[in-house]
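>>> Sequence plus predicted model, see below.
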Amino acid sequence: MDLKDYIRKVSTQTQRYQQDLLDQNRRLEVAAAEALAERAELLRRIAWLEEQVAHQRAERAQLVTRKAEIEAENLRLAALFGQVQHKNGELANLYVASYRFLETVRRSEVLQVIEEVVAALIGCEHFIVFELDRERQVLRPIKAVGVDAGLWAEIALGAGTIGAAVLSGEQWVRGRGSETSLRGESDLTAVIPLRVEGTPIGAIALFELLVQKVGLEELDLKLIELLAVQAATALHCATLHERDLASRAAR
């Protein structure tokens, strides 16, 4: 092989090698581009997954919060239902008591029913039932429970919280009306005027409530209104009945 042929052969091999390198470089470039595209897709996918995870975490946090709210609401409703059931029981007891008022014409029995209603439904075991002496216009105690009646022998109509409530015919409840300074009235919780056809006949003065009662609620006030009507009518009828019996016995 002469020199020219050798040079030509080397040149051909060199060109072929260069071409192979170029082809391999292009393949590497394509592979690199594909790898970069795949990496970009993976990064996009990872970002999407992270976004989904964050969204799910937020939803889970909302669900946990909502679950706690629902549980709290369920507890509130359960407590409210218990209160309603309890108050319904009290109303049913008052309904029964109203029949007991109607069934008796004896003052002692009427006063006993008043005691039971005040203690069981209103939650007060310290009270006095007053009756109005129309001739002298003074209130006198006819039944006292847990309170010394001797301290309340007479109250002039219109005097103090009790007398003023009877005169006006308006209920008095501590914290919802004006205060007075008559002896012993600082312990008053409420005054229930007793009236028949607008005419005052007496009152029920409530003092200390049971320990478990922090105060009179709205339903207690409704019970008191019903008690006032029933007790006033029953007490008035019992008084008339006793007067009638006394009048017959005197003949």
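Sure thing, it's come through.

>>> May I have the phi/psi pair for residue 139?
Dihedral pair for residue 139: phi -100, psi 130, per degrees, to the nearest 10.

>>> can you give me the strands in the stretch 101-250 of the chain?
Applying DSSP state E, counting those that start in this stretch to the stretch 101-250 of the chain gives strands spanning 127-133, 138-145, 155-156, 172-173, 190-196, 199-206.

>>> now these as JSON lines including distance to residue 25, mean neighbour count and mean pLDDT?
The way it works is simple: take the backbone N, C-alpha and C, and place the C-beta from them, glycine included. Formatted as JSON lines, the strands of the stretch 101-250 of the chain follow (distance: least, CB to CB, whole Å; neighbours: other CB atoms under 10 Å; pLDDT from 0 to 100):
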{"stretch": "strand 127-133", "distance to residue 25": "108", "mean neighbour count": "22", "mean pLDDT": "92"}
{"stretch": "strand 138-145", "distance to residue 25": "110", "mean neighbour count": "19", "mean pLDDT": "92"}
{"stretch": "strand 155-156", "distance to residue 25": "117", "mean neighbour count": "18", "mean pLDDT": "90"}
{"stretch": "strand 172-173", "distance to residue 25": "99", "mean neighbour count": "22", "mean pLDDT": "87"}
{"stretch": "strand 190-196", "distance to residue 25": "102", "mean neighbour count": "23", "mean pLDDT": "91"}
{"stretch": "strand 199-206", "distance to residue 25": "104", "mean neighbour count": "23", "mean pLDDT": "92"}
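
>>> what would these look like in TSV with distance to residue 226?
Formatted as TSV, the strands of the stretch 101-250 of the chain follow (distance: least, CB to CB, whole Å):
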stretch	distance to residue 226
strand 127-133	16
strand 138-145	19
strand 155-156	25
strand 172-173	15
strand 190-196	11
strand 199-206	13
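
>>> Compare the ones you listed and report which one is nearest to residue 56.
strand 172-173 (55.4 Å; CB to CB).

>>> Determine the set of other helices and strands touching that closest one.
In terms of contacts (3 or more CB pairs under 8 Å, 6 or more residues apart in numbering; DSSP states H and E), strand 172-173 is packed against helix 160-168, strand 190-196.

>>> and residue 114, how far is that from residue 82?
Residue 114 sits 28 Å away from residue 82, going by CB to CB, to the nearest Å.

>>> What of residue 4?
Taking CB to CB, one finds residue 4 at 115 Å from residue 82.

>>> quick revisit: of residue 114 and residue 82, which one has the most company?
residue 114 (24 against 10; other CB atoms under 10 Å).

>>> so the more buried one makes contact with residue 143?
Yes: using CB atoms under 8 Å, residue 114 makes contact with residue 143 at a distance of 7.3 Å.

>>> tell me, what's touching the two both at once?
Here residue 114 and residue 143 share the contacting residues residue 129, scored by CB atoms under 8 Å, 6 or more residues apart in numbering.
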